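A.B. asks: with the input below, show me the fold.
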Amino acid sequence: MKIRLNKVLVLVLVLAMMATTVYAMPNFDRGNGPENAPGQLKKSDFNDLEGYSWAERYIERMAKKDVIKGVGNGAFMPSNTAKEIETIIMLIRELEWEDELDDDAILPEEYNGKKPGDWMVPYIELANEKGLITDEELDTFDPNFPTKRSKAAVYFIRAIGMEEEALDNMDRILEFRDFNSIPKEHIGYVYIAYQIGLIQGYPDRNFQANKAINRAELAAMMSRLDDEFDTDFSYSLIANINEIDIDEMEITLQYRGNEDIFKLSDDVDVYIDDEPVDLEDLAVNMIVKVYIEDDEIIEISFRSDDEDEVVRKRYEGEILDFDDDFEEITIKEDVEELTFAVTSDTKIHVPFIDNELIEEFVGLNAKVIAENTTATSIWIELDKVEGILIGINTSGEAIQSVDVKLDESTTETFVFFEDFEICIDEEPGELNDEYLGHVVEMKLLGTDEIVTLCVVTEVDTEDLEALVVDAETLVENNYTTESWITFEAALTEAGIILDETYPTQDEVDTAYDNLKDAMENLIATVTDLVIVDEDVVTDLDNENTEITVAFGTTVGALETALDSDFEADFEVLGTSGGYEVDDGVEVTEDMVLEVTAEDEVTIVEYTIIVESE
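C.D. replies: Here you go, the predicted model:
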């Protein structure tokens, strides 16, 4: 399914600043789960919106799209604080990821936060998988904690795919008077949201990063974000009304050179100059904005004072060309070529070099925010390449290029751009032969010229080394052959990586993940048993597979008096290889204890010795 961010979240983040609007959520306290409990309303005919007329339209639209839901008995509770889980779930619904939820999901192993309701777990797991919540955030995540304004900016910037730009701007000084109150880890996100028009400050020039948003505010934010996203099933259009057939509940619209007939929802909302009206108040040749959900129009709006509707959208694609004076930029988004005017007011954002357009950007990826066909801001993404530095080429004392080994069979020479930066472990430095053999991370122009080259000398192998130590304590005979072969291959590969002079962090992390997975997937055979109840089992000889039990011990008592380090099944048999004995029968020395390993194939029999009375 294609999703495109339409009109830049301008209004969205206005979200945090102005009135951030919350959408209705599941009734957590009643344990009804994420869907509507009996009596809850999917439509927006909530009975408690008095005083929130500014948000009612947003709430209605998002309720019709099933992004927001009530809390029971016709209530929306617009003044209630929006919880973290509410914000996450709304974004998942808005991005149409809800079909990817796994009902059998478990919390990620990194989760160490507050215990969530069972129904929340699939949402938390999916949000982590999609990158809305990071592994680090899982350590302290509280699903019922209020969503603060700056954290809302984080979630929304991740949702629109601009986290990389945010991380590149974490050291920005923002113009808000209360800048120092913005959490350091949120600064880049707030900066990007502000730059693209997503966020605005308060009239007193404060941001109020730690102010919690309420449910009405979150609903408004989601509606504004919804303006930015088009999917195959949910989108908006600016169109001219050619015909209205109220009896058939159909409307004929002309847009982008096309004419189509659309079905009207039975409860379609109609607004003129932001005031609710009837369908009969619409007229042919009105230029309207319509919201379409599942092939039905759910909302129509017309503004009598808008001669030329300004459509603000966000586009992304490969830069194909500039005109001679850099007054136009053409990008390819999917299969469509789009050209935008570039004016003196267009903001250009390029990391590490001057913020102006140059021919060398052709071939790079760009995000363009445009009003109609005029770019208001352009974000250029430099290509990233990583490899092993094997050569430094100079002319006199000046470095001209480097030879970098990209993989086992590919080595390429990269020339430096006229303005470039060198860093050693993220600190400014000079490139010399002592760094040959080290990993380098480069950012390149579309011509493959180097803008930045950073040598990586510090690679964290501590976790991998500790895992290898644990792995080397495992004994082959305790596991099935097939699972041991996979484990042994992962252990060998980890050892090879650790023996390398200059392993990359990616190689180390991959080796760690592979070894950890192999260890977790080992299937145990029968290993030593342990005594749980010493009054029943008085002696245990694992080497000779003998068990001594107290006189009068029953079969059931024996089977529960032992445990193992593997998923074993215990059964007392009448004789070796014989029949299973009932739990209430007293154990005799003719019997044996059959231990079946996790693989359900390996079986060991223990001889039973019964103490004298």
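A.B. asks: what does residue 167 show for phi and psi?
C.D. replies: Its backbone dihedrals place residue 167 at phi -70, psi -30, with angles given as degrees, to the nearest 10.
A.B. asks: ditto for residue 136
C.D. replies: Per degrees, to the nearest 10, the residue geometry at residue 136, taken as phi and psi, is phi -60, psi -40.
A.B. asks: residues contacting it?
C.D. replies: Taking CB atoms under 8 Å, 6 or more residues apart in numbering, we find residue 136 in contact with residue 110. Just so you know, the C-beta spots here come from the backbone N, C-alpha and C atoms, and that holds for glycine as well.
A.B. asks: what segments of the stretch 201-350 of the chain are helices?
C.D. replies: Counting by DSSP state H, counting those that start in this stretch, the stretch 201-350 of the chain forms helices over residues 215-226, given from the N-terminal end onward.
A.B. asks: same question, the chain
C.D. replies: Secondary structure of the chain, counting by DSSP state H: helices at 10-17, 53-64, 84-94, 121-130, 135-138, 149-159, 163-167, 187-195, 215-226, 462-471, 481-499, 505-520, 555-560.
A.B. asks: now for the last one, which elements pack on it?
C.D. replies: Under the contact criterion of 3 or more CB pairs under 8 Å, 6 or more residues apart in numbering; DSSP states H and E, the helices and strands touching helix 555-560 comprise strand 569-573.
A.B. asks: buried residues in the strand it packs on, which are they?
C.D. replies: Buried residues in strand 569-573, counting neighbours by 16 or more other CB atoms under 10 Å, are found at 570, 572-573.
A.B. asks: now render the residues you listed as CSV, adding pLDDT.
C.D. replies: Supplementary listing: the buried residues of strand 569-573 in CSV, determined by pLDDT from 0 to 100:
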residue, pLDDT
570, 88
572, 93
573, 92
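A.B. asks: any chance of those in JSON lines, with distance to residue 315 too?
C.D. replies: As requested, the buried residues of strand 569-573 are exported to JSON lines (distance: CB to CB, whole Å):
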{"residue": "570", "distance to residue 315": "65"}
{"residue": "572", "distance to residue 315": "71"}
{"residue": "573", "distance to residue 315": "72"}
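A.B. asks: pLDDT of stretch 275-284, averaged?
C.D. replies: Averaging pLDDT along stretch 275-284 gives 92.
A.B. asks: circling back: out of the buried residues of strand 569-573, the closest to residue 89 would be?
C.D. replies: Lowest distance from residue 89 to the buried residues of strand 569-573 (CB to CB) belongs to residue 570, with 44.6 Å.
A.B. asks: in CSV: the helices of the chain, plus mean pLDDT and distance to residue 78.
C.D. replies: Formatted as CSV, the helices of the chain follow (pLDDT from 0 to 100; distance: least, CB to CB, whole Å):
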stretch, mean pLDDT, distance to residue 78
helix 10-17, 37, 15
helix 53-64, 86, 6
helix 84-94, 93, 12
helix 121-130, 96, 22
helix 135-138, 94, 27
helix 149-159, 93, 16
helix 163-167, 91, 29
helix 187-195, 90, 23
helix 215-226, 84, 4
helix 462-471, 94, 46
helix 481-499, 92, 53
helix 505-520, 90, 44
helix 555-560, 93, 56
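A.B. asks: nearest to residue 583, of these?
C.D. replies: Evaluated with CB to CB, the helices of the chain place helix 555-560 nearest to residue 583, the distance being 3.1 Å.
A.B. asks: rewinding a little: please identify the deepest-packed of the helices of the chain.
C.D. replies: With neighbours taken as mean count of other CB atoms under 10 Å, the helices of the chain reach their highest mean count in helix 215-226, at a mean of 29.
A.B. asks: what is that one packed up against?
C.D. replies: If contacts are counted by 3+ CB pairs under 8 Å, 6+ apart, helix 215-226 sits against helix 10-17, helix 53-64, helix 84-94, helix 149-159.
A.B. asks: between that helix and helix 53-64, how many degrees?
C.D. replies: Going by axes from the mean of the first three to the mean of the last three CA atoms, to 10 degrees, helix 215-226 is angled at 60 degrees with respect to helix 53-64.
A.B. asks: and the angle from helix 215-226 to helix 84-94?
C.D. replies: Angle between the axes of helix 215-226 and helix 84-94 is 30 degrees (criterion: the same axes, to 10 degrees).
A.B. asks: now helix 215-226 and helix 149-159, what's the angle there?
C.D. replies: The directions of helix 215-226 and helix 149-159 differ by 30 degrees, with the same axes, to 10 degrees as the criterion.
A.B. asks: residue numbering should commence at 27 henceforth.
C.D. replies: Yep, numbering from 27; the last one is helix 241-252 now.
A.B. asks: for helix 241-252, output the C-alpha coordinates as PDB.
C.D. replies: As requested, C-alpha coordinates have been extracted for helix 241-252 and formatted as PDB (Å, rounded to 0.1, in the frame of the first residue of the first chain):
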ATOM      1  CA  ARG A 241      -7.500  14.100  24.100                       C
ATOM      2  CA  ALA A 242      -9.200  16.900  22.100                       C
ATOM      3  CA  GLU A 243      -5.800  18.300  21.100                       C
ATOM      4  CA  LEU A 244      -4.500  14.900  20.000                       C
ATOM      5  CA  ALA A 245      -7.600  14.400  17.900                       C
ATOM      6  CA  ALA A 246      -6.900  17.700  16.100                       C
ATOM      7  CA  MET A 247      -3.300  16.800  15.600                       C
ATOM      8  CA  MET A 248      -4.300  13.500  14.100                       C
ATOM      9  CA  SER A 249      -6.700  15.200  11.800                       C
ATOM     10  CA  ARG A 250      -4.100  17.600  10.600                       C
ATOM     11  CA  LEU A 251      -1.600  14.700  10.100                       C
ATOM     12  CA  ASP A 252      -4.300  12.900   8.200                       C
END
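A.B. asks: just checking, residue 429 touches residue 436?
C.D. replies: No. Applying CB atoms under 8 Å, one finds residue 429 not in contact with residue 436, separated by 11.3 Å.
A.B. asks: more crowded one of these two?
C.D. replies: Under the criterion of other CB atoms under 10 Å, the comparison of residue 429 against residue 436 puts residue 429 first, with 16 against 9.
A.B. asks: so for the more buried one, what's the pLDDT?
C.D. replies: Residue 429 is assigned a predicted lDDT (pLDDT) of 97.
A.B. asks: could you find the closest non-adjacent residue to it?
C.D. replies: Counting by CB to CB, 6 or more residues apart in numbering, residue 429 lies nearest to residue 417, which is 3.2 Å off, once chain neighbours are set aside.
A.B. asks: separation between the one you found and residue 462?
C.D. replies: When distance is defined by CB to CB, to the nearest Å, residue 417 is 7 Å away from residue 462.
A.B. asks: neighbour count winner among those two?
C.D. replies: Neighbour tally, residue 417 and residue 462, criterion other CB under 10 Å: the higher count belongs to residue 462, 16 against 13.
A.B. asks: same list (the helices and strands packed on helix 241-252) but as a markdown table, adding distance to residue 586.
C.D. replies: Below are these laid out as a markdown table (distance: least, CB to CB, whole Å):
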| stretch | distance to residue 586 |
| --- | --- |
| helix 36-43 | 57 |
| helix 79-90 | 54 |
| helix 110-120 | 41 |
| helix 175-185 | 49 |
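A.B. asks: how is this protein divided into domains?
C.D. replies: With domains defined by automatic domain parsing, the chain comprises 30-252, 260-328, 338-407, 409-482, 488-543, 555-636.
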